[in-house]
Structures are given as structure tokens and as C-alpha cells.
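**Student:** Got a predicted structure here, sequence first:
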Amino acid sequence: MVLKKWEDLPERMRTDAVKKYYEILQKKKISLFLKRLFDVSAAVFLLIVLLPVFLALAVAIKMDSNGPVFYRQVRVTQYGKKFRIFKFRSMVEYADNGFQVTVSGDKRITKVGRVIREYRLDELSQLIDVVRGTMTFVGTRPEVPKYVEQYTPEMMATLLLPAGVTSMASIRYKDEAKLLKSGEDTDQVYVETILPEKMKYNLEALKKFSLSEDLKIMIRTFFAVVKNRNTKAL
């Protein structure tokens with residue numbers, strides 16, 4: 001993983017607010033290289049090992065409701081590039097006709113979808129995005145374009161690296177849907193309240209970036225999912 005030259009960054013990213021984060025990452029070229037090497041090797045290995053799980057999820061999704069196996073929503077990754085994310089579909093077809101964040105008790109979620117979202121199995125297919133280079137294991141979660149348009153100059157620094165499958169913000173806000181109440185302006189609540197708080201963690205992660213920090217977050221993500229499941233079972 002190599003950073004672009006400063007002058008080659010999108011104009012909206014060439015600001016003083018972004019530059020301080022850029023300079024931090026520029027000093028960690030070896031860590032960035034190792035991050036990409038780890039991403040590719042680990043993602044390929046997991047795709048092979050988890051192939052039976054992928055097939056089982058695909059069959060369950062198709063039997064449960066009409067629509068494709070994968071949900072391919074447009075998201076934003078490194079340098080503001082748009083891409084179509086791979087997620088196992090957990091909602092009814094054409095769910096995007098509604099709002100673009102999920103609230104607690106969302107009626108668009110299918111029966112199988114509730115199970116795979118609870119265990120975060122819908123995100124397993126993002127291993128494909130990791131191999132493609134549009135995502136990395138640890139980094140800022142990819143937002144839809146309309147939310148990126150609301151980024152402050154400093155928030156744009158999170159686009160210096162590819163979007164991530166998980167992050168400290170994801171762990172802290174793993175129950176984000178519960179914070180978005182039905183009947184409220186969910187977009188407004190997300191942009192004005194939740195997004196700024198999540199970005200504090202994302203920006204701090206850029207300052208502390210290292211492969212060891214990435215591994216710590218991956219381990220914490222695993223235990224956060226297990227703990228969340230055990231809590232619901234009690």
C-alpha cells in the first residue's frame with residue numbers, strides 16, 4: 001500500500017487539516033506495505049477456508065427472500081473513490097428506496113438477515129473487497145457518497161487509506177442501529193450526532209497507525225461480537 005504524492009491527492013483532500021495526518025502516514029511506509037501484504041494473504045486464506053460458509057449463506061438468503069445474494073451498495077473508499085461493496089444481503093430487495101442507515105427493528109431486514117447481522121456474517125463477503133484493494137481489514141468504515149459530502153476538512157483525512165471492514169469506531173458503535181429511532185430524521189441524527197463521534201475514533205486511529213494496532217482491533221472486534229451475542233442469550 002503506497003500513498004499518492006501530496007500533489008496527486010484530490011483537491012478537497014489537499015488541506016492543512018489533512019496534511020498533518022498525511023505526514024504521519026508518510027513516515028510509516030513499511031507498515032503500510034506490510035498492511036497490504038497482510039490484507040491479501042489473510043483475505044485469500046479466509047476466503048478458501050470459509051467457502052462452505054459462503055455457500056450456506058447464499059442458499060439461506062435465496063430461500064428466505066427474493067433478490068440477489070450480495071448487496072452491492074455504492075460506498076466511498078481511499079481518495080474518495082466510489083466502489084460497490086460486497087455484503088451478504090440482509091434486507092428485502094430495493095431496501096435502498098428508503099433511508100440509508102439501519103434503525104433498530106427495521107422492517108426491511110429479512111428473517112435470515114436478522115441472524116447474519118447479529119453475528120456480522122453479512123460482512124464476511126467484504127473479504128472480496130479486501131483482495132480487490134477497495135477495502136482493508138482495519139480502517140474507517142465506508143460511507144455512502146451523500147454522507148461523505150458532509151465530511152469536515154479534517155474528516156477527509158480518513159480517506160487517505162482504504163475503507164475498513166472493522167475499526168475502533170465500529171466496536172464502540174456496534175449497536176448503532178439502536179441509537180437511530182424510527183420516526184426521527186435518521187439522516188440528520190446520523191450526520192449531526194453519530195458520524196462526528198465515530199470520526200473522533202477514526203482520526204485517532206490514523207495518528208496511532210501500525211500493524212500491531214490493526215491486529216489489536218481485529219481481536220477486539222472478535223470478542224465484541226462474541227460478547228454481544230452472549231449478552232443477548234442471557
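**Tutor:** In hand now; what should we look at? Fair warning: this is a prediction, and the values are worked out from it, not measured in the lab.
**Student:** Spatially central, which residue of the chain would that be?
**Tutor:** Nearest residue to the geometric centre of the chain (Cα atoms, centre = their mean): residue 141, 2.9 Å.
**Student:** what sits against it?
**Tutor:** By Cβ atoms under 8 Å, 6 or more residues apart in numbering, the contact list for residue 141 reads 163-164, 166-167, 169-170, 198. Backbone N, C-alpha and C define where each C-beta goes, glycine included.
**Student:** which residues touch the longest helix seen in the chain?
**Tutor:** Looking across the chain with DSSP state H, the single longest helix is helix 211-233. Here helix 211-233 makes contact (Cβ under 8 Å, 6+ apart) with 31, 34-35, 38, 118-120, 137-138, 166-168, 170-171, 174-175, 205.
**Student:** Wait, a strand at the residue nearest to the centre of the chain?
**Tutor:** No: Residue 141: not assigned to a strand; according to DSSP: H, G, I helix; E, B strand; the rest coil it is coil.
**Student:** Go ahead and measure how far the longest helix of the chain is from the middle of the chain.
**Tutor:** From the chain centre to the centre of helix 211-233 is a distance of 15 Å (Cα atoms, centre = their mean, to the nearest Å).
**Student:** what about the closest residue to residue 34 other than its chain neighbours, neighbour count?
**Tutor:** Distance criterion Cβ to Cβ, 6 or more residues apart in numbering; nearest residue to residue 34, sequence neighbours excluded, is residue 211 at 5.2 Å. Neighbourhood size, residue 211 [other Cβ atoms under 10 Å]: 17.
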